[in-house]
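# quick one: sequence and predicted model below, then my questions.
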Amino acid sequence: MSKRVRTAVFPVAGLGTRFLPATKAMPKEMLTVVDRPLIQYAVDEAREAGIEHFVFVTGRNKGVIEDHFDRQFELEATLESRGKVAALEELQKDLPSAGRTSFTRQQEPLGLGHAVWCARDIVGDQPFALLLPDMVFRAKPGVLKQMMDAYEESQGNVIGVEECAWEDVSSYGVVVRGDGPDKSFAINGMVEKPKRDEAPSNLFISGRYILQPEIFALLAEQTRGAGNEIQLTDAMQTLMSQQRFTGVKYEGKVYDCGSKLGFLTANVVFALDRADIRPGFIDELRKLDLESEL
């Protein structure tokens with residue numbers, strides 16, 4: 001009998017050094033694309049996919065993330081007294097139900113693999129989703145929902161991928177594609193940041209995974225790899241010899257909001273998607289006379 005994926009893990013312990021000084025006192029996951037924090041986009045995507053339990057792997061100075069997913073009675077009372085019903089309903093809609101969130105600490109910055117391992121006791125012996133909050137998607141349905149549909153058929157492990165330009169493959173981890181259609185194909189290997197002429201494909205791993213719990217035992221024994229960190233990719237390579245890995249070339253586009261360029265682009269794209277912002281935003285962009293800047 002297949003096991004349903006009910007739990008999602010969100011690694012949020014990173015220092016966000018690429019956004020200093022903004023992230024000196026504020027977690028990078030709380031940076032906003034338009035008016036929603038990066039972490040909220042990831043949680044919304046997980047909820048759409050049917051996730052019931054949200055596990056946040058945090059670090060020092062990340063308490064504001066826990067506060068964000070809690071009720072603020074003073075704020076709610078103020079909004080209610082001022083008749084700001086829509087804003088109050090929006091806040092309440094974003095909150096996971098009571099008892100649906102867990103927080104655990106990654107005391108040392110030892111890499112993504114170590115962050116995932118820190119969630120082992122909360123996840124237990126169950127498959128789980130892994131969402132990297134830096135990666136924000138413009139996709140309908142959400143990317144994790146698309147992956148869940150593939151998981152129902154294939155089981156095993158599922159990785160979301162997207163095409164990049166061939167000249168950019170050296171910036172990503174890419175997969176070795178096997179047989180199957182775009183929505184559910186076999187993955188036969190992974191290569192981290194290959195040279196252009198050595199890349200097995202231009203399908204890059206974009207921060208969305210469904211993994212089986214056996215990954216935890218491998219991470220516990222995993223030696224440090226690139227950057228002297230415990231790499232999730234290394235453990236997945238080992239697990240691939242034991243279990244099926246399926247790739248999903250999802251419909252949509254990812255914006256890497258861990259980079260300044262991706263973050264700024266996401267703000268423009270998501271602002272243009274908003275009916276309440278788009279007309280005025282376009283007017284302001286026209287005033288900038290962007291063509292003369294290009």
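Thanks, I have the structure now. Residues are numbered from 1 along each chain as shown.

# and the helix or strand hosting residue 235, which residues are buried?
Using DSSP states H and E, residue 235 sits in helix 232-240. For helix 232-240, the buried set under the neighbour-count rule, 16 or more other Cβ atoms under 10 Å, comprises 232, 234-237, 239-240. (Glycine included, C-beta is placed from N, CA and C.)

# now the two most distant members of the residues you listed.
Using Cβ to Cβ, those span at most 12.3 Å, a distance reached by 232 and 240.

# wait, isn't residue 207 in contact with residue 136?
No: using Cβ atoms under 8 Å, residue 207 is not in contact with residue 136; the gap is 9.3 Å.

# residues near residue 250, how many?
For residue 250, the count of nearby residues is 24 (other Cβ atoms under 10 Å).

# hey, where'd the helices end up in the stretch 1-150 of the chain?
Here the stretch 1-150 of the chain has its helices, by DSSP state H, counting those that start in this stretch, at 38-48, 63-68, 73-81, 85-94, 112-117, 120-123, 143-154.

# ranking these by burial, who's on top?
Mean neighbours per residue, mean count of other Cβ atoms under 10 Å, is largest over those for helix 112-117, with a mean of 24.

# what does that helix rub up against?
The contact list for helix 112-117 (Cβ atoms under 8 Å, 6 or more residues apart in numbering) reads 9, 11, 13, 57, 106, 108, 130, 132, 211, 215-216, 219-220, 222, 229-235.

# tell me the mean pLDDT over stretch 35-50?
Average pLDDT, stretch 35-50: 96.

# and the contacts of that stretch?
With Cβ under 8 Å, 6+ apart as the criterion, stretch 35-50 contacts 4-6, 8, 10, 12, 28-33, 54, 65, 68-69, 94, 96, 129, 131-134, 136-137, 141-145, 147-148, 257.

# what about residue 37, how many neighbours?
Neighbours around residue 37, by other Cβ under 10 Å: 21.

# beta partners of it?
Beta bridges link residue 37 to residue 32, judged by DSSP bridges.

# using PDB, write out every CA atom in stretch 204-221.
Output in PDB follows, covering the C-alpha atoms of stretch 204-221 (Å, rounded to 0.1, in the frame of the first residue of the first chain):
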ATOM      1  CA  PHE A 204      18.000  21.400 -13.500                       C
ATOM      2  CA  ILE A 205      16.800  20.500 -10.000                       C
ATOM      3  CA  SER A 206      14.800  23.400  -8.800                       C
ATOM      4  CA  GLY A 207      14.200  23.000  -5.100                       C
ATOM      5  CA  ARG A 208      11.200  20.700  -4.900                       C
ATOM      6  CA  TYR A 209      11.500  17.100  -3.800                       C
ATOM      7  CA  ILE A 210       9.400  14.100  -2.500                       C
ATOM      8  CA  LEU A 211      11.700  11.800  -0.600                       C
ATOM      9  CA  GLN A 212      11.400   8.500   1.100                       C
ATOM     10  CA  PRO A 213      12.500   8.200   4.800                       C
ATOM     11  CA  GLU A 214      15.500   6.000   4.000                       C
ATOM     12  CA  ILE A 215      17.300   9.200   3.000                       C
ATOM     13  CA  PHE A 216      17.700  10.000   6.700                       C
ATOM     14  CA  ALA A 217      19.900   6.900   7.400                       C
ATOM     15  CA  LEU A 218      22.100   7.800   4.400                       C
ATOM     16  CA  LEU A 219      22.400  11.400   5.600                       C
ATOM     17  CA  ALA A 220      23.500  10.200   9.000                       C
ATOM     18  CA  GLU A 221      26.500   8.500   7.500                       C
END
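
# rewinding a little: need the overlap of contacts for residue 207 and residue 136.
residue 254.

# where do the strands sit along the stretch 151-294 of the chain?
All strands of the stretch 151-294 of the chain, identified by DSSP state E, counting those that start in this stretch, fall at 157-163, 173-177, 185-192, 203-211, 245-249, 253-256.

# show me what counts as buried in the first one.
It stands for strand 157-163. 157-162.
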